[in-house]
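**Q** got a predicted structure plus its sequence, pasted below:
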Amino acid sequence: MNRRRFLGQFVWVAGGRILAALLQAVTLVLVARAVSPAEFGFLGAFLGLATIAQTVVDVGISTFIIRERSANPRSGAIAVAMKLNTITSALLATLTAAVLLVLGLTTNGVYLAMIPLAIWIGAERNADARLSVVFADGDVKINVANLLARRTATVSLFFLLHLTGMPAILAYACGSAVAAAGSSAFANYFVRRRVSPASDISFPDLFRQSYPYWVHSMATQARNADVTLVGIFAGATQAGFYSSGSRLTNPLQILPYSLANILLPEATRRHQGNRTFRPLLLLSLAMVAAATGLYAIIFVLMPWFAEWALGPEYIPAIPAIQCILLGLPFAAATALLHALLQGLGKKHLVATTSTVFTVVILTTLSALAAGFGAVGAAVGLSICLAAQSMYLGVRLALELRRRPQGPPSSVTS
């Protein structure tokens, strides 16, 4: 493994995602300042559901493409996967437009202004899936540049359209649609010449290969129900305290998740070539150690920071936020272990573990929230994350012990 190249990929992916998150935050702040809280609430709810919808229709294709491309760059299954993604993206866009039209005519007219987001939701999904090919090849700069261009175009178009007098929600929807359509067009053009002709694999056969990745993604998305469950079992106030920790600490996971993304193709290539995983394990340990140090500093500063950033009314949330911070090193380790295990071809293990622990996490935090509020839910979350990472660590150790080490005796795909 070329360490300098690998480090460069990590810096590009992590830095790009941080900058993209900032651009998205700026865009939403501008929209929020231009509309009423109710209108922004409708938009926020739609965007939250859109993330889930994109995960559903992806059916694991994006991760499948990354691993298949890393294992066998000439695999014809990649072209079939991209064709399926095009179909599902088009269906998602059509269904979204229909739903927004019905909601706009029957409930609130603000949904009519969101209809261009139907183009955004499908085009963005299509672009990201196709650029998985480039990501697997190690050309992460293309992915990052595409993402940043899309986010920059969105905020720029929103500003210009709103400046001409277009309503803010419609301006945001049109800006997002145009930016995503451009992103998708570039991805299709750039990737088409890199992919081998389609094989004779059918869509059902493809789904049988990709669905474990889909199950894993769905299980991960399902954990976003944690705030809702805390609200049901402990009340809105405790849910607010818990949410201030669970949602505001999400950006702290960008670094380990970025490393996990570039670990998957490298782990796949090492597994196919029967090469040692030692460098990847050392990198993962270094990331967990660095993340733990960062989280420890934030843990110490949290009593001051929470009052300054959120206001004195959120002082009771500080213990819950600190308990969530205790679980973040285990969340970082879990993301990295998932990537390494998927690289080893243990996609069913990862899918099963993610599903089981999602049920365990949601059940545990609900039970503890009922008795101990936000702090109980945060403690339950962290304990479950620790258990999951330890279990995955043991399974990875066993899998690595079983596989032979050394140079490959033959090339397989």
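**A** It's in. These figures come from a predicted structure and were not determined experimentally. Numbers count the residues shown, from 1 in each chain.

**Q** in space, what's closest to Ala378 - neighbours in sequence excluded?
**A** Ranked by CB to CB, 6 or more residues apart in numbering and with sequence neighbours excluded, the top spatial neighbour of Ala378 is Cys323, at 3.6 Å. (Each C-beta comes from the backbone N, C-alpha and C, glycine too.)

**Q** over to Thr364?
**A** Gly380 (4.0 Å).

**Q** quick check: next helix or strand after the lowest-mean-pLDDT helix or strand in the chain?
**A** Every helix and strand of the chain was ranked by mean pLDDT, DSSP states H and E. The lowest is helix 236-246, at a mean of 82. The helix or strand immediately downstream of helix 236-246 is helix 254-272, counting by DSSP states H and E.

**Q** other SSEs contacting that next one?
**A** Packing contacts for helix 254-272, counted by 3 or more CB pairs under 8 Å, 6 or more residues apart in numbering; DSSP states H and E, involve helix 3-34, helix 61-71, helix 132-136, helix 278-310, helix 318-343.

**Q** can you give me the angle it makes with helix 3-34?
**A** Orientation note: helix 254-272 sits at an angle of 140 degrees relative to helix 3-34 (axes from the mean of the first three to the mean of the last three CA atoms, to 10 degrees).

**Q** that older thread, doesn't Val379 make contact with the residue nearest to Ala378?
**A** Yes. At 5.1 Å, Cys323 counts as touching Val379 under the criterion of CB atoms under 8 Å.

**Q** list the contacts of Phe64.
**A** Ala81, Leu206, Gln209, Ser210, Tyr213 (CB atoms under 8 Å, 6 or more residues apart in numbering).

**Q** let's see it at 10 Å
**A** 58, 77-78, 81, 84-85, 129, 132, 206-207, 209-214, 347 (CB atoms under 10 Å, 6 or more residues apart in numbering).

**Q** one more: Ser62?
**A** 54-55, 81, 85, 125, 128-132, 135, 210, 213-214, 217.

**Q** what of Ala386?
**A** So Ala386 contacts Leu326, Gly327, Pro329, Phe330, Ala331, Ala333, Thr334 (CB under 10 Å, 6+ apart).

**Q** tell me how many other residues surround Thr51.
**A** 12 (other CB atoms under 10 Å).

**Q** and the gap between it and Asn224?
**A** To Asn224, Thr51 is 8 Å away according to CB to CB, to the nearest Å.

**Q** Gly273 now?
**A** Distance from Gly273 to Asn224, by CB to CB: 37 Å.

**Q** please pick the buried ones from the contacts of Phe64.
**A** Among those, the ones that count as buried by 16 or more other CB atoms under 10 Å are 58, 77-78, 81, 84-85, 129, 132, 206-207, 209-214, 347.

**Q** where does pLDDT dip in the chain?
**A** Applying pLDDT under 70 to the chain flags the ranges 1-2, 247, 404-413.

**Q** now the lengthiest helix in it against helix 236-246, angle please.
**A** Longest helix in the chain, counting residues (DSSP state H): helix 347-402. Inter-element angle recorded for helix 347-402 and helix 236-246: 40 degrees (by the same axes, to 10 degrees).

**Q** could you check the angle helix 347-402 makes with helix 318-343?
**A** Using the same axes, to 10 degrees, helix 347-402 lies at 70 degrees relative to helix 318-343.

**Q** who's in contact with Val57?
**A** 84-85, 87-93, 95, 121-122, 125, 214.

**Q** give me the buried entries from the residues you listed.
**A** Applying 16+ other CB under 10 Å to those flags Leu84, Asn85, Thr88, Ser89, Leu92, Ala93, Ile121, Gly122, Arg125, Trp214 as buried.

**Q** hmm, the first one is touching Ile61, no?
**A** In this case it means Leu84. Yes. In terms of CB atoms under 10 Å, Leu84 counts as a neighbour of Ile61; the distance is 6.3 Å.

**Q** now for these two: what residues contact both?
**A** With CB under 10 Å, 6+ apart, Leu84 and Ile61 have common neighbours Ala129, Leu206, Phe207, Ser210.

**Q** secondary structure added to those residues, as JSON lines?
**A** Output for the shared contacts of Leu84 and Ile61, formatted as JSON lines (DSSP: H, G, I helix; E, B strand; the rest coil):
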{"residue": "Ala129", "secondary structure": "helix"}
{"residue": "Leu206", "secondary structure": "helix"}
{"residue": "Phe207", "secondary structure": "helix"}
{"residue": "Ser210", "secondary structure": "helix"}
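
**Q** export the residues you listed to CSV and tack on distance to Ile315?
**A** Formatted as CSV, the shared contacts of Leu84 and Ile61 follow (distance: CB to CB, whole Å):
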residue, distance to Ile315
Ala129, 44
Leu206, 52
Phe207, 50
Ser210, 47
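
**Q** farthest pair in the residues you listed?
**A** Based on CB to CB, the longest span within the shared contacts of Leu84 and Ile61 runs between Ala129 and Phe207 and measures 14.4 Å.

**Q** for Tyr295, give its distance to Lys83.
**A** 43 Å.

**Q** ok, those two, which is more surrounded?
**A** Tyr295 (22 against 13).

**Q** got a list of what the more buried one touches?
**A** Thr249, Leu252, Gln253, Gln322, Ile324, Leu325, Leu326, Gly327, Leu328, Pro329, Ala331, Ala332.
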